[in-house]
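A.B. asks: build me a model from this:
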Amino acid sequence: MTIQDIRTFNRFYTNVIGALDYSRQLYAPYTLTESRVLYELAHSPRTDAADLRTELTLDAGYLSRILNKFEEDGLVERTPSARDPRRVRVMLTAHGRETAALLAERANESVGALLASVPSVDRPRLSEAMRTVREILSDGRAPRREDVVLRDPSPGDLGWIVQRNAALYASEFGWNADYEGLVARIVADFAEDHDPHLERVWIAELEGRPVGCVMCVRDDAPATARLRLLLVEPDARGLGIGDRLVRAVIDFARGVGYRELVLWTNDVLASARRVYQRHGFVLVGEKPHRSFGKDLNGQDWRLDLHGTPG
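C.D. replies: You can find the predicted model right below:
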């Protein structure tokens, strides 16, 4: 392979995906780079400008101009970072989240149209070729935290949540099919009747595959949200995915006006409990119970969303 081979392929692929005229491709006033910045903000609810610049390897001045444009369009808000006042925290507004969702929907439609032109018999070969390029050019490096993205569920992801919860808890804790039934009911209730403004599911994705999930749903108590079904695949642990998923729920719940966030778990889930404690959850009650074929100790945890730092 020569340098010219790669440059020829780059020109071919940028034409295929419409990279040079991305705004017209998506019927939106944003370039490919601007759309990518919006995507990163949508999948990282709390982002410092410096982190964003590093992640996307963008010139500081160029990123500043993009963020200025977004602010003028009402897509983002910039405030001093709670971690370091010298840094700037960038967050999407409600309008920004709607715009990001619209661009994602149009991008999915565009890629779907491209994929539809590929005969089904050739799709596995195409997928394998893309995976090979990614693996070779990454030089076999281990996954990094920044390789993980949080996204909304795609078709099939809710079923994945049920399947992986059942399989992992059976493997790691010996829980029986009663737990799978509970998860299936929770997911079915969400799929059939949820308020997208007040309830949400996040999927953590690494290298094109789901590796984690969490849900935020309304609780029976007034102004209270419930965190449910936090899960991280064993081979993706150690990348901070659990922390990011819990932080996404907290930011969302606080942003839409909930005053409290609650959850129920069992004391055998030590890793998850440590995540909850790091984010300020307080244990408010526990009770032994017999569930899922095991004797367990259930715990109720609570977070005051107006009494904790943002």
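A.B. asks: quick one: mean pLDDT for whatever helix or strand A188 lives in?
C.D. replies: Per DSSP states H and E: A188 is located in helix 177-192. What helix 177-192 shows for mean pLDDT is 96.
A.B. asks: check which helices and strands the next helix or strand after that helix sits against.
C.D. replies: Next along the chain after helix 177-192, taking DSSP H and E as the criterion, comes strand 200-206. Helices and strands touching strand 200-206, by 3 or more Cβ pairs under 8 Å, 6 or more residues apart in numbering; DSSP states H and E, are strand 148-151, helix 157-173, strand 209-218, helix 241-255. Glycine gets a C-beta too; all of them are placed from N, C-alpha and C.
A.B. asks: quick check, pLDDT for the residue most central in space within the chain.
C.D. replies: In the chain, the residue lying closest to the centroid (Cα atoms, centre = their mean) is L150, at 1.4 Å. Looking at L150, its pLDDT stands at 89.
A.B. asks: my read: it touches L41, true?
C.D. replies: No. Judged on Cβ atoms under 8 Å, L150 makes no contact with L41 at a distance of 11.4 Å.
A.B. asks: rewinding a little: what's the distance between the residue nearest to the centre of the chain and N108?
C.D. replies: For L150, the distance to N108 equals 16 Å [Cβ to Cβ, to the nearest Å].
A.B. asks: returning to what we had before: ok, the residue nearest to the centre of the chain - contacts?
C.D. replies: With contact set as Cβ atoms under 8 Å, 6 or more residues apart in numbering, L150 has these partners: H43, S44, W202, I203, A204, E205, R244, L245, A248.
A.B. asks: and the furthest pair within these?
C.D. replies: The span of these, defined through Cβ to Cβ, is set by S44 and I203 at 14.2 Å.
A.B. asks: separation between T57 and E40?
C.D. replies: Per Cβ to Cβ, T57 is found 12 Å from E40.
A.B. asks: and R244, by the same measure?
C.D. replies: Counting by Cβ to Cβ, the gap from R244 to E40 is 13 Å.
A.B. asks: show me which of those two is the more surrounded one.
C.D. replies: Applying other Cβ atoms under 10 Å to R244 and E40 shows that R244 carries more neighbours, namely 24 against 18.
A.B. asks: wait, doesn't that one sit right on E146?
C.D. replies: No. In this structure R244 lies outside contact range of E146 using Cβ under 8 Å: 10.8 Å.
A.B. asks: by how many degrees do the helix holding A188 and strand 200-206 diverge?
C.D. replies: Interaxial angle, helix 177-192 versus strand 200-206 (axes from the mean of the first three to the mean of the last three Cα atoms, to 10 degrees): 110 degrees.
A.B. asks: which one of the helices and strands packed on strand 200-206 lies closest to S127?
C.D. replies: strand 209-218 (11.6 Å).
A.B. asks: which intervals of this structure have sub-threshold pLDDT?
C.D. replies: Low-confidence segments of the chain (pLDDT under 70): 20, 23, 25, 44-46, 82-83, 139-141, 307-310.
A.B. asks: ok, which stretches of it are helices?
C.D. replies: 3-17, 22-25, 32-43, 49-56, 60-72, 94-116, 123-137, 157-173, 177-192, 241-255, 270-278 (DSSP state H).
A.B. asks: can you add distance to R78 and give the ones you listed back as TSV?
C.D. replies: TSV is the format used below for those (distance: least, Cβ to Cβ, whole Å):
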stretch	distance to R78
helix 3-17	30
helix 22-25	23
helix 32-43	11
helix 49-56	7
helix 60-72	7
helix 94-116	12
helix 123-137	33
helix 157-173	32
helix 177-192	33
helix 241-255	16
helix 270-278	26
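A.B. asks: looking at these, which is nearest to D304?
C.D. replies: Closest to D304 of the helices of the chain is helix 241-255 (Cβ to Cβ; 10.4 Å).
A.B. asks: same for the helix holding A188, what does it pack against?
C.D. replies: Against helix 177-192 (3+ Cβ pairs under 8 Å, 6+ apart) you get helix 157-173, strand 209-218, strand 224-232.
A.B. asks: swap the cut-off to 10 Å and go again
C.D. replies: With contacts taken as 3 or more Cβ pairs under 10 Å, 6 or more residues apart in numbering; DSSP states H and E, helix 177-192 sits against helix 157-173, strand 200-206, strand 209-218, strand 224-232, strand 282-291.
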